[in-house]
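Chemist: What follows is a predicted protein model with its sequence.
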Protein chains: 2
Amino acid sequence: MPDRRPLVVYENPPINEALEASKKAISEQKTLILVGNCWADYRGRASSKLEPGERILIIKEDGSVSVHKSKGYEPVNWQPPGCLFQSYMDNGALAIKAIKQKPREALTVCFDKVYLLSVLSLIDEGQFILYASEEEMQKAILLQPSIIEEGLKPITYEKKVEPGFIDVYGIDKDGRMVVIEIKRKTAGKEAVLQLAKYVESIKTSVNREIRGILVAPQIAKGAQKLLVTLGLGYKPLDPKKCTEILRKTETKKLAAFFK
Amino acid sequence: MPDRRPLVVYENPPINEALEASKKAISEQKTLILVGNCWADYRGRASSKLEPGERILIIKEDGSVSVHKSKGYEPVNWQPPGCLFQSYMDNGALAIKAIKQKPREALTVCFDKVYLLSVLSLIDEGQFILYASEEEMQKAILLQPSIIEEGLKPITYEKKVEPGFIDVYGIDKDGRMVVIEIKRKTAGKEAVLQLAKYVESIKTSVNREIRGILVAPQIAKGAQKLLVTLGLGYKPLDPKKCTEILRKTETKKLAAFFK
DNA sequence: GAGTGGATTTCGCAT
DNA sequence: ATGCGAAGTCCACTC
């Protein structure tokens, strides 16, 4: 009969008990938290060594691993989802080895003292939604081109050209062609150069005046200069405004637009 | 008198107790782990919403935050180090708000059920060492140029030229100039183009034959083609071998070489 | 302080 | 499967 409790906790378990509990948790594909004194070795795309110290180890249901120090939001050592595990005693220490194929790499974490071991059965159906991505900004522009400039008429989006994709492509109020490159965050030189490439690419195929507009919430100082040098335009656009536009637009209209 | 125990654990604490314990832990700059049913909202560079579900929240000593779902090694929501915190009751739920300036952003996590709350005082002096970085590979080549090819004599390293820095620069057994570009992982087109730029840059200043060699553990298929087209060379080099070479070389010799 | 480039980047999407 | 570009990228280093 499966354990329906959301979690089991062991405080200061002996190493051999910790080994048994870890093996069980991993074989049952549960989430495992271990807190204690540990060291780690990683071999794969690079090699790394983590000397002994007190840390948090998390092994998740999907076979991903992370070792957290008491500082920094990123793990000091990790392994992506899909690992195979081996747990065993190594000179009196609890060793957990997480092996991943493709790329072939292995992370071994050893504990000589476990302060806390917890086995979790997390039920999580809640969705995660991220707003105002580059795509959301693009949709907002297509739905309400006036946020860029009055009289702009979008023709296509994600148009394939030689160096990549053009975010939005249209005609301005005076009938000139417009190419828009969108950045969801501060635009740097790369963004300006990318836009320049798109404009150049179109110029060679269509012998006509092209306006390039960089759309982003902000622009870096160096990028601004480059923009002027290359004769390109810039229009600031707040991602929050895009979120608002999308919120105000009914789902049906959106679906029809992007079908 | 400070609590010297490495950790305190509360199982299924009432929400108000969880609030008190969280406030205390955060004010004392300890590491806090919360497991329970929660939801989260993020406002900042983008906006995100995480609907209710059972997850793990970690707040570290340095004011970093991560919310982990039961899958994926990366957090679903997070906040970099240096946050300010507000904890309060919100409609019967425990709310923890992590605010960061620069960029201005806030993450709010609310719990209506806490299964586990643990306050940790982690002592971690252990160092983390990552082997076989690009720099380590460069050192290995300078110490043992024969791993690239017999008769190679390095002249300089990190030589400044127009587009950037050349990793290693030397003379081959036939007296021809050699430019080496190192990548610690699979080399892509960018690496080939970078090397090509360096070679071109030198060709213009020195009117002499130049050999460009790309050194990397692997090379992408597209990059391989480009390499052939541009008439450049490629030498596979395992970063682990570099680590070995450096391990075999005494620290003194290294210090003398790079002084 | 801002800009630039690397990362055991990861992740997703298109080819 | 592979390759390319984006990310709330983060992070470290340079200017």
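Modeler: Noted; the coordinates are in hand. Numbering: from 1, shown residues only, chains lettered A, B, ... in the order given.
Chemist: Please list the residues of the stretch 151-259 of chain A that sit near chain B.
Modeler: The stretch 151-259 of chain A has residues A:184, A:185, A:239, A:240, A:243 near chain B, with proximity defined as C-beta under 8 Å from any C-beta of the partner chain. The way it works is simple: take the backbone N, C-alpha and C, and place the C-beta from them, glycine included.
Chemist: so who does the second one touch?
Modeler: In this structure, residue A:185 makes contact with A:216, A:217, A:218, B:45, judged by C-beta atoms under 8 Å, 6 or more residues apart in numbering or on different chains.
Chemist: could you say which helix or strand contains it?
Modeler: Assigned by DSSP states H and E, residue A:185 falls within no helix or strand.
Chemist: what's the distance between it and residue B:41?
Modeler: 20 Å (C-beta to C-beta, to the nearest Å).
Chemist: List only buried entries from the residues of the stretch 151-259 of chain A next to chain B.
Modeler: Buried members of these, counted by 16 or more other C-beta atoms under 10 Å in any protein chain shown: A:184, A:239, A:243.
Chemist: Is the last one in contact with residue A:131, as I believe?
Modeler: Yes - using C-beta atoms under 8 Å, residue A:243 is in contact with residue A:131, at 4.8 Å.
Chemist: hey, what's in contact with both of these two?
Modeler: residue B:47.
Chemist: for residue A:241, helix, strand, or coil?
Modeler: Look at residue A:241: counting by DSSP: H, G, I helix; E, B strand; the rest coil, its state is helix.
Chemist: how near is it to residue A:223?
Modeler: From residue A:241 to residue A:223 the distance is 21 Å (C-beta to C-beta).
Chemist: Farthest pair within the residues of the stretch 151-259 of chain A next to chain B?
Modeler: Based on C-beta to C-beta, the longest span within those runs between A:185 and A:243 and measures 14.5 Å.
Chemist: that older thread, who has more neighbours out of residue A:241 and residue A:223?
Modeler: Each of residue A:241 and residue A:223 has its neighbours counted (other C-beta atoms under 10 Å in any protein chain shown); residue A:223 has more, 23 against 15.
Chemist: Surely that one is in a helix?
Modeler: Yes - counting by three-state DSSP, residue A:223 is found in a helix.
Chemist: who's in contact with it?
Modeler: A:187, A:188, A:189, A:191, A:192, A:214.
Chemist: Ignoring the adjacent residues along the chain, who's closest to whatever residue of the stretch 51-200 of chain A ends up closest to DNA strand C?
Modeler: The stretch 51-200 of chain A approaches DNA strand C most closely through residue A:77 (3.8 Å), counting by C-beta to the nearest atom of the strand. The shortest distance from residue A:77 to any non-neighbouring residue, by C-beta to C-beta, 6 or more residues apart in numbering or on different chains, is to residue A:67 (4.2 Å).
Chemist: Surely that neighbour is in contact with residue A:56?
Modeler: Yes - with contacts counted by C-beta under 8 Å, residue A:67 reaches residue A:56, the gap being 7.4 Å.
Chemist: Columns distance to DNA strand C and pLDDT on top of the contacts of residue A:223, output as JSON lines?
Modeler: Shown next, in JSON lines, are the contacts of residue A:223 (distance: C-beta to the nearest atom of the strand, whole Å; pLDDT from 0 to 100):
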{"residue": "A:187", "distance to DNA strand C": "10", "pLDDT": "75"}
{"residue": "A:188", "distance to DNA strand C": "5", "pLDDT": "75"}
{"residue": "A:189", "distance to DNA strand C": "5", "pLDDT": "76"}
{"residue": "A:191", "distance to DNA strand C": "10", "pLDDT": "77"}
{"residue": "A:192", "distance to DNA strand C": "10", "pLDDT": "80"}
{"residue": "A:214", "distance to DNA strand C": "14", "pLDDT": "87"}
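Chemist: Inside strands: which ones of these?
Modeler: residue A:214 (DSSP state E).
Chemist: Tell me which of the contacts of residue A:223 fall in helices.
Modeler: A:189, A:191, A:192 (DSSP state H).
Chemist: Contact partners for the last one?
Modeler: Read it as residue A:192. By C-beta under 8 Å, 6+ apart, residue A:192 lies in contact with A:214, A:223, A:226, A:227, A:230, A:232.
Chemist: Out of the residues you listed, which is nearest to DNA strand C?
Modeler: Ranked by distance to DNA strand C (C-beta to the nearest atom of the strand), the contacts of residue A:192 are led by residue A:223 at 6.7 Å.
Chemist: measure that closest one to residue A:76 for me?
Modeler: Distance from residue A:223 to residue A:76, by C-beta to C-beta: 34 Å.
Chemist: which residues of chain A score low on pLDDT?
Modeler: A:1-4, A:135, A:157-166, A:246-259 (pLDDT under 70).
Chemist: where does it come near DNA strand C, residue by residue?
Modeler: A:42, A:44-46, A:48, A:77-81, A:105, A:107, A:160, A:186, A:188-189, A:220-223 (C-beta under 7 Å from any atom of the strand).
Chemist: Just the buried residues of those residues.
Modeler: A:42, A:46, A:48, A:77, A:78, A:79, A:80, A:105, A:107, A:188, A:220, A:223.
Chemist: Please see if the helix or strand harbouring the third one touches DNA strand D.
Modeler: With secondary structure defined by DSSP H and E, residue A:48 is part of strand A:47-59. No - Strand A:47-59 does not reach DNA strand D (C-beta under 7 Å from any atom of the strand); its nearest approach is 14.0 Å.
Chemist: Is the very next helix or strand once past that strand in proximity to DNA strand D?
Modeler: Proceeding N to C from strand A:47-59, the next assigned helix or strand is strand A:65-68, under DSSP H and E. No - shown here: strand A:65-68 not in contact with DNA strand D (C-beta under 7 Å from any atom of the strand), separated by at least 11.3 Å.
Chemist: From the contact counts, what lies against strand A:65-68?
Modeler: If contacts are counted by 3 or more C-beta pairs under 8 Å, 6 or more residues apart in numbering or on different chains; DSSP states H and E, strand A:65-68 sits against strand A:47-59, strand A:77-79, strand A:105-120.
Chemist: Now with 6 Å, please.
Modeler: Packing partners of strand A:65-68 (3 or more C-beta pairs under 6 Å, 6 or more residues apart in numbering or on different chains; DSSP states H and E): strand A:47-59, strand A:77-79.
Chemist: Once you drop chain neighbours, what's closest to the residue of the stretch 1-150 of chain A found nearest DNA strand D?
Modeler: Per C-beta to the nearest atom of the strand, residue A:134 is where the stretch 1-150 of chain A lies closest to DNA strand D, at 3.6 Å. Closest residue to residue A:134 apart from its sequence neighbours, by C-beta to C-beta, 6+ apart: residue A:184 at 4.5 Å.
Chemist: what's the answer for residue A:124, then?
Modeler: residue B:53 (3.5 Å).
Chemist: try residue A:11
Modeler: Excluding the flanking residues, the one nearest residue A:11 by C-beta to C-beta, 6+ apart is residue B:9, at 5.7 Å.
Chemist: do you know how far the one you found is from residue B:30?
Modeler: Distance from residue B:9 to residue B:30, by C-beta to C-beta: 13 Å.
Chemist: One more: residue A:24?
Modeler: 30 Å.
Chemist: Between those two, point out the one with more neighbours.
Modeler: The neighbour comparison of residue A:24 against residue B:30 (other C-beta under 10 Å) goes to residue B:30, with 20 against 15.
Chemist: quick one, what contacts the more buried one?
Modeler: Contacts for residue B:30 (C-beta atoms under 6 Å, 6 or more residues apart in numbering or on different chains) come out as B:119, B:121.
Chemist: now do residue A:226
Modeler: A:189, A:192.
Chemist: How about residue A:199?
Modeler: So, once contact is read as C-beta under 6 Å, 6+ apart, residue A:199 ends up touching A:179, A:210, A:212.
Chemist: switch the cut-off to 10 Å
Modeler: A:161, A:166, A:177-179, A:181, A:210-213, A:230-232 (C-beta atoms under 10 Å, 6 or more residues apart in numbering or on different chains).
Chemist: Quickly check the residues you listed for the two that are furthest apart.
Modeler: A:161 and A:231 (18.6 Å).
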